[in-house]
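1. predicted coordinates and the sequence they were generated for:
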Amino acid sequence: MEKAILLSVSVFSACLAAGLAAIAAAIGDAMAVRKAFEGMTRQPEMAGKIMTNLFISIGLIESIPIIATVIAIVLVFTDVIVGKL
């Protein structure tokens with residue numbers, strides 16, 4: 001019974017971690033795009049460089065929830081905690 005409770009809590013925690021990471025990445029993407037558009041409207045001649053930097057930064061921002069989800073899944077499906085009960 002204790003293993004089932006611990007497994008359900010770990011699955012819930014993994015879902016929560018992945019969801020919060022996705023929300024944080026969405027907010028980070030929105031902030032990056034907003035600032036990039038502001039920069040492009042102020043200096044249209046730099047639009048190409050700003051767009052390149054935007055794509056790189058969005059890629060880096062989006063890697064965070066992917067890594068968080070992978071870590072959460074690994075922690076759920078390993079026996080690190082459940083095996084010690």
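-> Structure received.
2. for the longest helix belonging to the chain, the averaged confidence score.
-> Counting by DSSP state H, the longest helix found in the chain is helix 2-42. When pLDDT is averaged along helix 2-42, the result is 91.
3. what's that helix packed up against?
-> On a contact count with 3 or more Cβ pairs under 8 Å, 6 or more residues apart in numbering; DSSP states H and E, helix 2-42 meets helix 47-77. For the C-beta atoms, the positions are set from N, CA and C on the backbone; glycine is no exception.
4. and the helix it packs on, what does it pack onto?
-> In this structure, helix 47-77 makes packing contacts with helix 2-42, judged by 3+ Cβ pairs under 8 Å, 6+ apart.
5. and the longest helix of the chain with helix 47-77, angle?
-> Interaxial angle, helix 2-42 versus helix 47-77 (axes from the mean of the first three to the mean of the last three Cα atoms, to 10 degrees): 180 degrees.
6. show me the contacts for the residue nearest in space to the middle of the chain.
-> Centroid check for the chain by Cα atoms, centre = their mean gives Pro65 as the closest residue, at 1.9 Å. Shown in contact with Pro65 (Cβ atoms under 8 Å, 6 or more residues apart in numbering): 18, 21-22, 24-25.
7. cool, and Ile58?
-> Contact analysis of Ile58 by Cβ under 8 Å, 6+ apart lists 29, 32-33.
8. pipe these into a markdown table and attach distance to Glu2 and neighbour count per row.
-> Output for these, formatted as a markdown table (distance: Cβ to Cβ, whole Å; neighbours: other Cβ atoms under 10 Å):
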| residue | distance to Glu2 | neighbour count |
| --- | --- | --- |
| Asp29 | 40 | 15 |
| Ala32 | 44 | 17 |
| Val33 | 47 | 13 |
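9. which single one of the residues you listed is nearest to Val70?
-> Asp29 (19.3 Å; Cβ to Cβ).
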